[in-house]
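Student: My questions are about this predicted structure, shown below with the sequence.
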Amino acid sequence: MSAPSSDPKIPVAPASAPRPHRLRGSLGAGSIVFMVVAAAAPLTVVAGTVPLGLAAGNGAGFPATFVLCAAVLLLFAVGFCAMSRHVPEAGAFYSYIARGLGAAPGLGSAFLALVTYTAVQAAVYGYLGATFDALVQHYGGPALPWYLYAAGALVVAGVLGYRHIELSGKVLGALLIAEVAIVLVFDAVVAVTGGLGEGRSTALLQPSAVFSGSLGIAVMFAVASFIGFEATAVFRDEARDPERTVPRATYLALVLIGAFYTVSAWAVVSAWGDGTAVARAGEDPGNMIVTTITAVLGPLGGDLAQILLVTSLFAALLSFHNVLARYLFALGNAGTMPAVFGRSHPRHASPHAASAAQSGTALALIAVFAVTGMDPVTQVFAWMAGTATLGVLALMALTCLAVVVFFACLRRRGTPVDTRPWHTLVAPLLGLAGLLTCLSLTVAHFPTLIGGSPALATAIGAVLVIAFVLGAAWSRLGGSRRSVPAAHPSTTSQEEIR
């Protein structure tokens, strides 16, 4: 083993550190892309976010907002992927931030990530329960409490999360193809026919339209739609060739998500015409996409859209379940959480204990929401989605900063390292500037995202800050049995590399 680093920002694992449990799999870039694109819930975004962006954001120029946000996130991805070959753990934000900024910020980000992804999963449970109930009633079924449907989905996600990751990948792949297909058919018909009214929209190409209205709110809604793409690194242990697969999956997921959102939002606007689309979004945002698809593709298309909206939400639910389980697994391996969470199943090679614990947490939250009588859409979904948006932006900004510090420390020590300035300095700094801008806009408009309550916005922000501070304090108090490994293979033991 090489001598330990003297740089305090890049802690080294002690020689006595136990070899961590590892997950196993042979996921290719395509399978990982299915995981993270499913987490982004494409049909759910088109059905829920696009109408809100049209009505409360920058109107008919909203489709271009997805392009702006994708550009910022691609800058983030450049540094994220450059650093990925130096991060052998599957801890994603936690591992990256710990290696770049130190153990305390790293563990603080781990706690923040747990709260963030728990919040987004809770949001999906609320929306799924309400959507499933509406679908059942639409076909003449009984009206049942939303939380019963949410609990049923939890059981299915828990069973799949307990099994080998490739089973979840196959389920997500099938669901994702179905939900994307219906929207792409809709997009194609609008592109060919010109829609129902004024013809194909050109507002996304007009700066006066893109920068009209409230661009800040538009950015807030658009960037929230990308949550989940960054989880590619969480599946590192189960990737076929992680040093190549993770970067490819990250870029591919971002490009596909950004293109899909932009084209589909443009198709929604074009279907009605600029003015009519914005008016309809303001009148009935919840049913706009089903109404639009029904008008363009007919009643069968509308019925399929309603059904696939439910499967889209379940796909997002399952994907975030897998992400959270792997965060717990990484923390269990590091000794930050109970060691049982860091165990892998002997046959399925899955984080079975972490998956079961995550299911228990989700069930407890659903029970709390049910007992308190919270509305599944206007409260559970809106509040939790708002929390997740703020948390993910903060985590990505910290990761950009970690990338810059990480490579600067290695260069200062004279360690052989990536020398490309664009990948290790320029793009991460530009990404950091863009993410901080998005974060400031989200903070400024946060009350709007969660229903208009400044007091609630402050309380949610405080929860996220407290989670980060508790994680950092836990690190300082010796909450981790095993330090974060060294920053570069040249200062890492061969046992850790294997």
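Tutor: All right, it came through fine.
Student: Lowest mean pLDDT among the helices and strands of this structure, which one is it?
Tutor: Using mean pLDDT, DSSP states H and E, helix 494-497 stands out as the lowest-scoring helix or strand of the chain, at a mean of 32.
Student: give the contact list for R411.
Tutor: V417 (C-beta atoms under 8 Å, 6 or more residues apart in numbering). No exception for glycine: its C-beta is placed from N, CA and C like everyone else's.
Student: now swap in A151 and tell me
Tutor: A151 neighbours (C-beta under 8 Å, 6+ apart): 363, 366.
Student: Just give me how far the helix or strand hosting it sits from the chain centre.
Tutor: A151 is part of helix 146-162 when elements are defined by DSSP states H and E. Remark: helix 146-162 is offset 20 Å from the chain centroid, using C-alpha atoms, centre = their mean, to the nearest Å.
Student: next structured bit after that helix?
Tutor: Following helix 146-162 toward the C-terminus (DSSP H and E): helix 165-193.
Student: so what secondary structure elements neighbour the next helix or strand after that following helix?
Tutor: Using DSSP H and E, the helix or strand that follows helix 165-193 in sequence is helix 207-210. For helix 207-210, the packing partners by 3 or more C-beta pairs under 8 Å, 6 or more residues apart in numbering; DSSP states H and E come out as helix 62-84.
Student: what's the helix it packs on packed up against?
Tutor: So helix 62-84, by 3+ C-beta pairs under 8 Å, 6+ apart, packs with helix 50-56, helix 93-101, helix 207-210, helix 215-224, helix 242-272, helix 382-413, helix 427-444.
Student: sorry, back to before: for the record, mean pLDDT for the helix holding A151?
Tutor: In this model, helix 146-162 has a mean pLDDT of 88.
Student: Which positions in it come out as buried?
Tutor: 146-147, 149-151, 153-154, 157-158, 160-162 (16 or more other C-beta atoms under 10 Å).
Student: Spit out the contact partners of the residue nearest the centre of the chain.
Tutor: The geometric centre of the chain, computed from its C-alpha atoms, lies nearest to G228 (C-alpha atoms, centre = their mean), at 1.8 Å. Taking C-beta under 8 Å, 6+ apart, we find G228 in contact with 36-41, 120, 316, 319-320, 323.
Student: number of nearby residues for I466?
Tutor: By the criterion of other C-beta atoms under 10 Å, I466 has 13 neighbours.
Student: thinking again about what came up before, just name the most buried of the helices and strands packed on helix 62-84.
Tutor: helix 93-101 (a mean of 28; mean count of other C-beta atoms under 10 Å).
Student: Now the residue nearest to the centre of the chain, what are its backbone angles?
Tutor: Phi and psi for G228, reported as degrees, to the nearest 10, are phi 120, psi -30.
Student: Start at 234, not 1
Tutor: Taking 234 as the first residue, the last one we looked at is G461.
Student: any idea how far it is from L487?
Tutor: Distance, G461 to L487, using C-beta to C-beta, to the nearest Å: 11 Å.
Student: Give me the neighbour count for the nearest residue to T483 once chain neighbours are set aside.
Tutor: Excluding the flanking residues, the one nearest T483 by C-beta to C-beta, 6 or more residues apart in numbering is T465, at 4.5 Å. By other C-beta under 10 Å, the residues close to T465 number 30.
Student: and T465, what does it touch?
Tutor: Per C-beta under 8 Å, 6+ apart, neighbours of T465: 265-266, 268-269, 479, 482-483, 486.
Student: go on, F313?
Tutor: 329, 463, 466, 483, 632, 636.
Student: Just give me the least confident of these.
Tutor: In terms of pLDDT, A466 ranks lowest among these, with 67.
Student: wait, doesn't S342 sit right on Y327?
Tutor: Yes: with contact defined as C-beta atoms under 8 Å, S342 counts as touching Y327 (5.6 Å).
Student: Okay, and G508 sits in which element?
Tutor: With DSSP H and E as the test, G508 turns up in helix 507-516.
Student: mean confidence score for the next helix or strand after that helix?
Tutor: Reading on from helix 507-516 to the C-terminus, the next helix or strand found by DSSP H and E is helix 521-530. Averaged across helix 521-530, the pLDDT comes to 91.
Student: Just the buried residues of helix 521-530, please?
Tutor: Quick answer for helix 521-530 (16+ other C-beta under 10 Å): 521-527, 529-530.
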